[in-house]
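Colleague: The following block contains a protein sequence and its predicted model.
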Amino acid sequence: MHIFETAKMEYTPNELKVYSNKCLEIEQEAYLNILSKKKDELVSLIDLFIEGGNHREKTLQFRKNDIEEIFRPKIKEAKRVLCNTRKRLGYNLERAS
């Protein structure tokens, strides 16, 4: 056996699930952050135009409401999925210990 050879590590099924769940949690959290930031950016841009006394204030307000309606269910679903993943991660982490 060479000095640089390492012993093969065996992982339990629960340890593999913990790893998989943690990777999934990171991806889902990033997706939720992207959705939230994109919505906030669009809404703040519209607010900037509304505050400037724009003559299209009503149109912009409707557009702002449309953006909120488009993102609200997506963000809600992303939060729900992330919450479930975190619960599953905690459960598998307890079982792996």
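Modeller: Ah, there it is.

Colleague: can you tell me the average pLDDT over stretch 23-34?
Modeller: Per-residue pLDDT over stretch 23-34 has a mean of 97.

Colleague: chain center to that stretch: distance?
Modeller: Distance, stretch centre to chain centre, for stretch 23-34: 4 Å (Cα atoms, centre = their mean, to the nearest Å).

Colleague: Contacts for it next, please.
Modeller: Contacts to stretch 23-34, defined as Cβ atoms under 8 Å, 6 or more residues apart in numbering, come from residues I75, A78, K79, V81, L82, T85, R86, L89. The C-beta positions use only the backbone N, C-alpha and C, and glycine is treated the same way.

Colleague: which of those are buried?
Modeller: I75, A78, L82, T85, R86, L89 (16 or more other Cβ atoms under 10 Å).

Colleague: Tell me where this protein is predicted with low confidence.
Modeller: Under the criterion pLDDT under 70, the flagged ranges of the chain are 1-8, 54.

Colleague: Let me see the ranges of the strands in the protein.
Modeller: Under the criterion DSSP state E, the chain carries no strands.

Colleague: now the helices for it?
Modeller: Applying DSSP state H to the chain gives helices spanning 13-51, 57-96.

Colleague: The first one to helix 57-96, inter-axis angle?
Modeller: Inter-element angle recorded for helix 13-51 and helix 57-96: 170 degrees (by axes from the mean of the first three to the mean of the last three Cα atoms, to 10 degrees).

Colleague: Buried residues, stretch 19-26. List them.
Modeller: Going by neighbour count (16+ other Cβ under 10 Å), the buried part of stretch 19-26 is N21, L24, E25.

Colleague: Quick check: chain neighbours aside, which residue is closest to the first one?
Modeller: It refers to N21. L89 (4.0 Å; Cβ to Cβ, 6 or more residues apart in numbering).

Colleague: In contact with the one you found, which residues?
Modeller: Contacts of L89 by Cβ under 8 Å, 6+ apart are V18, N21, K22, E25.

Colleague: Please tabulate those in CSV and include distance to Y31 as additional columns.
Modeller: Compiled in CSV, the contacts of L89 are given as follows (distance: Cβ to Cβ, whole Å):
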residue, distance to Y31
V18, 20
N21, 15
K22, 15
E25, 11
